[in-house]
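Engineer: fold the stuff below for me.
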Amino acid sequence: MKPVQSTLKKWMEKNENFQENYVKIRNEVLQDPEIKEFLSLHPDLPKQEIEKSLIKFYEYKTQSKQCDHCASFGACKNMLQGYSPILRVENNEIHLSYEKCHSRIMFEKEQQQHKLIESLYMPREILEATMDGIDRDPNRGKAIIEMGHFLSELKNGIPSKGIYFYGPFGVGKTYFLGAIANELKKYNISSMLIYMPEFVREIKSSIKDDSINEKIDYFKKADVLMLDDIGAETQSAWFRDEVLGTILQYRMMERLPVFFTSNYSMEQLEEQLAKSTRGDIETVKAGRIMERIKQVSQEVPIFADNRRN
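Structural biologist: This is a model prediction of the structure:
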């Protein structure tokens, strides 16, 4: 079999149009300002190496460099999406390689941060909440201040206490959790947001597939745990003591914060936790849970206008 290059050369000799186009493209490539600058920085490159590298130069010329011709990562025009071409010389040979562009780096960072927030049954609005989206009603002032204190301490590590937000329906308690979770992403701190009524059902159903211990262990060790609407569910003494109590005990001992939202104050929640599904009143066990809640969070009331109205 004849060498491909030899065959191609003969074909080029017969095809004047191809030769004309080749010469035209060659001149355009070598007159490209960036390629001219590259060659001026390497004056000792053999002419044969330059001619041999024309296809590399052409590829470099036609690609967007560090997003200069791309509106976004998704609209990247390059052959390797999100990668920018680089010309370099090693041992008098020209090499073309690629590095991640600015847009790809930002995209990967956003993807990585997105994974830092996990949730059970939380609406999208909450997962996209921001500090700027919080209504600056004076009645939310204390809550906003305490959120600020918590976030300002993150530079020294995760604080040992979260916040127990309580107040009537619609004052933005759950939105606060989402806003904090998104701020935590900036510090590469993961969070777990859980809607308590569904969490109770989730744990009960996990008994069937024998995954309960694995799930409890996961919630125990999350960087920051957030329990939304605690007290809204009617729970069994087993869930209160063996699930919630176990999670809170571990986090109290390890000095890991928990955030809560509730329609009840801590005092009122203790009354709710004392009631079991059997109709018993177990004040001692409820008191034990509340002591753990007080160790991992501080109580902050929110009595503001109902945002849902």
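
Engineer: can you map out the strands along the stretch 51-200 of the chain?
Structural biologist: 83-90, 93-100, 117-120, 162-166, 191-195 (DSSP state E, counting those that start in this stretch).

Engineer: can the ones you listed go into CSV with extra columns for mean neighbour count?
Structural biologist: Where you see a C-beta, it was placed from the backbone N, CA and C, and this is true even at glycine. Below are these laid out as CSV (neighbours: other C-beta atoms under 10 Å):
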stretch, mean neighbour count
strand 83-90, 16
strand 93-100, 14
strand 117-120, 18
strand 162-166, 25
strand 191-195, 23
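
Engineer: out of these, which gets the lowest mean score?
Structural biologist: Of all the strands of the stretch 51-200 of the chain, mean pLDDT reaches its minimum on strand 117-120 (a mean of 69).

Engineer: hang on, the earlier thing: any chance of the strands of the stretch 51-200 of the chain in a markdown table, plus distance to residue 302?
Structural biologist: Shown next, in a markdown table, are those (distance: least, C-beta to C-beta, whole Å):
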| stretch | distance to residue 302 |
| --- | --- |
| strand 83-90 | 48 |
| strand 93-100 | 43 |
| strand 117-120 | 21 |
| strand 162-166 | 6 |
| strand 191-195 | 18 |
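
Engineer: wait, which of those is closest to residue 289?
Structural biologist: Minimum separation from residue 289 across these (C-beta to C-beta) falls at strand 162-166, 12.7 Å.

Engineer: what are the pairing partners of that closest one, and which direction each?
Structural biologist: Paired strands of strand 162-166, with direction, are strand 258-262 (parallel), strand 297-301 (parallel) (DSSP bridges).

Engineer: deepest of those, which one?
Structural biologist: strand 258-262 (a mean of 25; mean count of other C-beta atoms under 10 Å).

Engineer: my read: residue 167 touches residue 302, true?
Structural biologist: Yes - between residue 167 and residue 302 there is a contact at 3.8 Å, judged by C-beta atoms under 8 Å.

Engineer: overlap in contacts, these two.
Structural biologist: Here residue 167 and residue 302 have residue 173 as joint contacts, going by C-beta atoms under 8 Å, 6 or more residues apart in numbering.

Engineer: for the stretch 1-150 of the chain, just list every one of the helices.
Structural biologist: Listed in chain order, the helices of the stretch 1-150 of the chain (DSSP state H, counting those that start in this stretch) span 4-14, 16-30, 33-40, 47-52, 54-62, 102-114, 124-127, 141-152.

Engineer: what's the least confident stretch among those?
Structural biologist: helix 4-14 (a mean of 58).

Engineer: show me what contacts residue 40?
Structural biologist: For residue 40, no contacting residues are found, by C-beta under 8 Å, 6+ apart.

Engineer: follow-up on the earlier one: so for residue 262, which of the strands of the stretch 51-200 of the chain sits nearest?
Structural biologist: Judging those by C-beta to C-beta, what sits closest to residue 262 is strand 162-166, at 4.7 Å.

Engineer: distance between stretch 252-271 and the chain's centre?
Structural biologist: Offset of stretch 252-271 from its chain centre (C-alpha atoms, centre = their mean, to the nearest Å): 26 Å.

Engineer: flag every buried residue along it.
Structural biologist: Residues of stretch 252-271 classed as buried by neighbour count (16 or more other C-beta atoms under 10 Å): 252, 256-264, 266, 269-270.

Engineer: before we move on, what about stretch 282-298?
Structural biologist: Neighbour-count burial for stretch 282-298 flags 282, 285, 286, 288, 289, 290, 292, 293, 295, 296, 297 (criterion: 16+ other C-beta under 10 Å).

Engineer: check the gap between the closest residue to residue 218 other than its chain neighbours and residue 69 for me.
Structural biologist: Excluding its sequence neighbours, the residue lying closest to residue 218 (C-beta to C-beta, 6 or more residues apart in numbering) is residue 192, at 7.9 Å. Applying C-beta to C-beta, to the nearest Å, the value for residue 192 to residue 69 is 41 Å.

Engineer: count of neighbours near residue 20?
Structural biologist: 10 (other C-beta atoms under 10 Å).
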